[in-house]
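Q: below are the sequence and a predicted model; questions follow.
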Amino acid sequence: MALRPNPTLRQRRIGTELRRMREHAGLGGSQLARELGIQPAQITQMESGKGGISVERLRTIAAVCMCDNHALIDALADMVTERDKSTWWEQYRGTVSTDLLDIAELEGSAKKLTSYTITFVHGLLQTKAYAASVFARAIPPLPDHEVDVRTEFRMRRQHIVQPDTTPICAFIHEAALRMQFSGPKVLAEQLDALIEHSENPRISIRAVPFDVESLPGPSENFTYAAGAVTELDTLQIDTSHSSMIFDSPAQLASYREILRRMAKVALSEQESRDYIRRIKKEIEGKHG
């Protein structure tokens, strides 16, 4: 089987979990290869996501590594069988960055998404005009066609923001609710959209005012994606020029605690709706 030059996020994660399983058993790559009757290079290829793996081999590896976490093994088996599913974001491979493809794949497979944003509204909740203005403010400036492609891609991601789809909890700092990228009209329309989204029973929008006594969150935007089991949760963090994916147990536990504390200081859903309405009215009053 030919090696994958650019494994997807799902393929890389399967490989990561295979490596963790092996390391937890105290086995080296060569030891596991001997047990399976294959070459050590094949272990490296599977763990990097560049080499494929069948459900049968996955379960054999789990047995050799004496892994008794059956829920994790079954979830990984489901991920292996997902390889035959068509995914809309693959249409954009070679057109948008791998970082953006990873985000779309992460959102598409998550059982629940919880986000915290302090500089702008989360991409899944942005209006088209707001999204375009966020991309247009990049330094150095993006060409117009690149802004258009990224905006289109972001709008495609929003198919999961529908009734009966992925549950979403969005903690939004007041700074993000007031930040303007293309004037007050675009921001007011964005705040209107947030109020409308908040009426969706599967979307929880929680505002975090400036005057909270102690802000538990970091200074960057992040999204916590729940997997089929806790071990397959994933953290995505925005940086100035890219997006970073984390999945180590320690990092995941840290951000789960941040979100637990965030839930304590954020306004309730109804309070948040009222708060967003007041900010919108204030902005329109200043610039009306």
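A: Sure thing, it's come through.

Q: CA only for contacts and neighbour counts going forward, please
A: Fine.

Q: the longest helix in this protein is where?
A: Ranked by residue count under DSSP state H, the longest helix found in the chain is helix 269-287.

Q: buried residues of it, list them for me.
A: Buried residues in helix 269-287, defined by neighbour count with 16 or more other C-alpha atoms under 10 Å: 269-270, 272-273, 275-277, 279-280, 283.

Q: same deal with stretch 49-67?
A: 49-53, 55, 58-59, 61-62, 64-65, 67.

Q: quick one: contacts of it?
A: Residues outside stretch 49-67 that contact it (C-alpha atoms under 8 Å, 6 or more residues apart in numbering): 1-8, 11-16, 18, 21-22, 24-25, 27, 32, 35-36, 42, 45-46, 68, 73, 77, 80-81.

Q: likewise for stretch 223-239?
A: 71-72, 75, 103, 106-107, 109-116, 220-222, 243-247, 249, 252, 255.

Q: check what pLDDT Ser86 gets.
A: pLDDT, Ser86: 63.

Q: all numbers from here: first residue = 726
A: Done: numbering now begins at 726, and the last item shifts to Ser811.

Q: near Ala802, how many other residues are there?
A: Ala802 has 19 neighbouring residues, counting by other C-alpha atoms under 10 Å.

Q: ok, the one 5 residues further on next?
A: Glu807 has 12 neighbours, counted by other C-alpha under 10 Å.

Q: ok, it - contacts?
A: The contact partners of Glu807, by C-alpha under 8 Å, 6+ apart, come to none.

Q: where do the strands sit along the stretch 726-875 of the chain?
A: For the stretch 726-875 of the chain, the strands defined by DSSP state E, counting those that start in this stretch occupy 837-842.

Q: now Ala766: how far from Ile1004?
A: 58 Å (C-alpha to C-alpha, to the nearest Å).

Q: Leu826 and Trp814 touch, don't they?
A: Yes. Between Leu826 and Trp814 there is a contact at 6.3 Å, judged by C-alpha atoms under 8 Å.

Q: who's more crowded, these two?
A: A side-by-side neighbour count of Leu826 and Trp814, using other C-alpha under 10 Å, places Leu826 first with 22 against 18.

Q: now do Val911, the pLDDT please.
A: Value listed for Val911 in the pLDDT field: 96.

Q: my bad, should have said His884
A: Confidence score, pLDDT, at His884: 88.

Q: and for it, the neighbour number?
A: For His884, using other C-alpha under 10 Å, the count is 13.

Q: so it, which state does it fall into?
A: helix (DSSP: H, G, I helix; E, B strand; the rest coil).

Q: okay, who's weakest in the buried residues of stretch 774-792 by pLDDT?
A: Gly777 (91).

Q: among the buried residues of stretch 774-792, which one lies nearest to Pro909?
A: When the buried residues of stretch 774-792 are ranked by distance to Pro909 (C-alpha to C-alpha), Gly774 comes first, at 45.7 Å.

Q: got phi/psi on the closest one?
A: Phi and psi for Gly774, reported as degrees, to the nearest 10, are phi 90, psi 0.

Q: next, give phi and psi for Ile864.
A: Residue torsions, per degrees, to the nearest 10, at Ile864 are phi -130, psi 120.
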